[in-house]
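Trainee: what would the 3D arrangement of this be:
(chains A and B)
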Amino acid sequence: MLDAVRRPLGRTLAVLIKEFIQLARERTTFAMIIAIPLLQLILFGYAIDSDPHELPTAVLAHETSPETRAVLAAIDRTGYFRVAYAVSSEAEIDGLVHSGKVLFAIEIPAHFGRDARRGLSPEILVIADASDPAAIGNAVAALSGIAGGALAHVGPPLTGADAAPPFRFVVHRRYNPAIETSLNIVPGLTGTILTMTMVIFTALAVTREVERGTMENLLAMPVRPTEVMLGKIAPYVVIGGLQMAIILFLAWLLFDVPVEGSLGLLAALTTLFVLANLSVGYTFSTIATSQLQAMQMSIMFFLPSLLLSGFLFPFLGMPLWAQWIGEALPLTHYLRIVRGIMLKGAGFADLVRDVGALAAFTLAAMTLAVLRFRQTLD
Amino acid sequence: MSAPDDIVIDVEGLTKTFGKQVAVRNLSIKVKRRLIYGFLGPNGSGKTTTLRMLTGLLRPDGGHGTCLGYDILRQSAEIKRHVGYMTQRFSLYADLTIRENLEFVARIHTLPHPRDRAQEAIVRLGLESRAGQLAGSLSGGWKQRLALGACILPGPELLLLDEPTAGVDPQARRDFWDEIHALAADGLTALVSTHYMDEAERCHELAFISYGDLLATGPVEEIIARSNLSTYTVGGPDLDALSRRLKSLPGIDNIAPFGNALHVSGRDGAALEESIGPLVEAGPQHWQKSAPTIEDVFIDLVSRPKGALAAPSKDGRNA
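Mentor: Below is the predicted model:
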């Protein structure tokens, strides 16, 4: 009777012990068990700020009066805006917003002080980059609170001070005036999907050969590491292009997401991004010793890409250290590219920094992969 | 070409260690052109490691030499172009068809008209009816044929075959060896590793390797003659009991059962005869002096104390 319980229990225990031993030996699994909760906790806890402050802002002031200074000081006190650029023309504003260097541009009109004093309620134009609605929502809301009191200490208003606020903010939401989140999410999703699939595809490319024992034969043949790499990556560039086409078509069909900019440019830069991810995956596959390990590495790469690239959470809302990590991830740059082209109609000149970063990343990863590729079985 | 033209493999002092384990120790061999050179040794004796060092798949920790006149340390790219290496484990693509695998090999070697070359190989292998079958679905014998076919497709000068007949049925083994002999007659050199002693006799020359050490080299008859082994074949009843008794007697170095008989061997013929003399008289078993087989010699070589191997006259290294 007792045996009926003890035996299955004993066998279960035997399996359990074996699993623990294997787990302890499989170092990457072990690392994942520790690293994933740690990573998530740190990223969600510290890096992700759904109420981002200190957003980069450009200011175009057509006059320098005490009133102008008082309004700018009040805007600064909200904590949501950080004046990164003081510009002198509207063209400069367009450039900065277009390239994503600022999320806001504030334009204070000429004769602002005088008009405010006369009770003419002059308008301050606030241009907001609404391609990432989550980033700007609270900042815009904070503006409405300061119109009443901003000028309180700058001399008395002339007439009817209580009836109307001395000035008004007019917010122009660019790129996504209706604040539809799908407009922001869908282009981002293309990058996320490509990251996941491309990295995994190539991460398995070399380890599969090692695991199936075909590597020995391949190495014994007169083929060079670069040739193996390019031969293995090339098919997936085509697959990546196909995925992109499907996503774009569905985005247009289901969510009405437009492509404001050049489709050719988008295709070219997407190819570059696909290449960047493929080279990451390939590098993993030269390091991993099994397909399982390669998958784990891919996930370890995917997670920060998802969280720190600006896909899920506003990039500019993250602390500086998280932004630095984000800058090292291809997805971060691609998100700027894809949102720029699809929503803002950005051209190559606006994106040159991100394109450069992607190209440098790809080159570095490929070099590492070729160096890592073991030409011997040592 | 640094080596004389008729020497295809010429290596000296090859050593390879994995961690603390010495896989191959100070191994030197010379293989002449058009020979079938048998590389014999038990599992884990360093045969595969040696073959991998010859192809450049492993970097030796010590030693130097040439393969087809190319330096094994620096010119592995050249070696790979002219050597057909057949791995121990089937290492063509299981998820490709026979034709696709052969075309892949032809393309990697940048042969002109890869499709035609693959087709020729298919015909030569007699695989026409299965050309579209996935390589992974083939039986052991056919996989081995395919692997050999892939090896010789690019027209190598030297074949390195790592236990090509392991796990293959006797008929397929025989066919395989016939093929190797035909290839050698056409001018190819083959280095074949095996742990089957009966296959040793199908080779023109042999090298015995055990736990990283080279024990003997040379033609089969020469190795047997040089062993100075005296062997008796014993038949009759109660061989188990006899075997136990013999173990304690001086002059008897090896007792090995062969079917219904025992092979009793000793390096010192006189001492052996002295020990067995009374037993031969007493019966009931019948004793017969016989020539030692290559297996007797091999087991003897493996069981000798280490010091005995160092003598150059015995291992034939400088022959």
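
Trainee: next, B:Ala282: phi, psi?
Mentor: phi -70, psi -30 (degrees, to the nearest 10).

Trainee: what of A:Ala220?
Mentor: phi -80, psi -10.

Trainee: now do the same contact list for it.
Mentor: B:Thr55, B:Leu57, B:Lys80, B:Val83, B:Tyr85, B:Thr87 (CB atoms under 8 Å, 6 or more residues apart in numbering or on different chains). The way it works is simple: take the backbone N, C-alpha and C, and place the C-beta from them, glycine included.

Trainee: swap in 7 Å and give it another go.
Mentor: B:Thr55, B:Leu57, B:Lys80, B:Tyr85 (CB atoms under 7 Å, 6 or more residues apart in numbering or on different chains).

Trainee: so which of the residues you listed also contact chain A?
Mentor: B:Thr55, B:Leu57, B:Lys80, B:Tyr85 (CB under 7 Å from any CB of the partner chain).

Trainee: helices and strands of chain A: which one has the lowest mean pLDDT?
Mentor: None of the helices or strands of chain A scores lower by mean pLDDT, DSSP states H and E than helix A:27-42, at a mean of 66.

Trainee: beyond that one, next helix or strand please.
Mentor: strand A:55-61 (DSSP states H and E).

Trainee: and stretch B:145-156 with chain A, contact?
Mentor: No. If you take CB under 7 Å from any CB as the test, stretch B:145-156 misses chain A, and the best it gets is 8.2 Å.

Trainee: what's next to that stretch, contact-wise?
Mentor: B:82-86, B:90, B:92, B:98, B:101-102, B:105-106, B:109, B:111, B:117, B:121, B:124-125, B:127, B:135, B:138, B:159, B:164, B:179, B:183.

Trainee: got the buried residues for it?
Mentor: Buried residues in stretch B:145-156, counted by 16 or more other CB atoms under 10 Å in any protein chain shown: B:Arg145, B:Leu146, B:Ala147, B:Leu148, B:Gly149, B:Ala150, B:Cys151, B:Ile152, B:Leu153, B:Pro154, B:Pro156.

Trainee: A:Ala128: helix or strand, and which one exactly?
Mentor: strand A:123-129.

Trainee: what angle sits between that strand and strand A:55-61?
Mentor: 150 degrees (axes from the mean of the first three to the mean of the last three CA atoms, to 10 degrees).

Trainee: name the helices or strands packed onto strand A:123-129?
Mentor: Contact analysis of strand A:123-129 by 3 or more CB pairs under 7 Å, 6 or more residues apart in numbering or on different chains; DSSP states H and E lists helix A:90-98, strand A:104-108, helix A:133-144, strand A:168-174 as its packing neighbours.

Trainee: avg pLDDT for the first one?
Mentor: When the per-residue pLDDT values of helix A:90-98 are averaged, the result is 86.

Trainee: for it, packing partners?
Mentor: strand A:55-61, strand A:104-108, strand A:123-129.

Trainee: for those, give me TSV that also has mean pLDDT and distance to A:Ile287.
Mentor: Formatted as TSV, the helices and strands packed on helix A:90-98 follow (pLDDT from 0 to 100; distance: least, CB to CB, whole Å):
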stretch	mean pLDDT	distance to A:Ile287
strand A:55-61	88	37
strand A:104-108	89	43
strand A:123-129	87	39
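
Trainee: which of the ones you listed sits closest to A:Thr197?
Mentor: Proximity to A:Thr197 (CB to CB) singles out strand A:123-129 among the helices and strands packed on helix A:90-98, at 29.0 Å.

Trainee: buried set for that closest one?
Mentor: So, applying 16+ other CB under 10 Å, buried residues of strand A:123-129: A:Ile124, A:Leu125, A:Val126, A:Ile127, A:Ala128, A:Asp129.

Trainee: skipping its backbone neighbours, what lies nearest A:Met221 in space?
Mentor: B:Ile108 (4.8 Å; CB to CB, 6 or more residues apart in numbering or on different chains).

Trainee: check contacts around B:Thr189.
Mentor: B:Thr189 neighbours (CB under 7 Å, 6+ apart): B:Val8, B:Val31, B:Arg33, B:Arg34, B:Leu35, B:Glu157, B:Leu158.

Trainee: now with 6 Å?
Mentor: By CB atoms under 6 Å, 6 or more residues apart in numbering or on different chains, the contact list for B:Thr189 reads B:Val8, B:Arg33, B:Arg34, B:Leu35, B:Leu158.

Trainee: what of B:Gly140?
Mentor: B:Gly167, B:Val168.

Trainee: from what I see, A:Glu216 and B:Leu92 are in contact.
Mentor: No. The criterion here is CB atoms under 6 Å, and A:Glu216 misses it with B:Leu92 at 10.8 Å.

Trainee: what about the helices in chain A?
Mentor: Here chain A has its helices, by DSSP state H, at A:2-25, A:27-42, A:66-77, A:90-98, A:112-117, A:133-144, A:181-212, A:215-219, A:225-255, A:263-287, A:291-308, A:320-327, A:330-339, A:348-372.

Trainee: got the angle between the third one and strand A:55-61?
Mentor: What separates the directions of helix A:66-77 and strand A:55-61 is an angle of 180 degrees, with the same axes, to 10 degrees.

Trainee: go through helix A:66-77 and flag the buried ones.
Mentor: In helix A:66-77, counting by 16+ other CB under 10 Å, buried: A:Glu67, A:Thr68, A:Ala70, A:Val71, A:Leu72, A:Ala74, A:Ile75.

Trainee: which strands or helices does that helix pack on?
Mentor: In terms of contacts (3 or more CB pairs under 6 Å, 6 or more residues apart in numbering or on different chains; DSSP states H and E), helix A:66-77 is packed against helix A:112-117.
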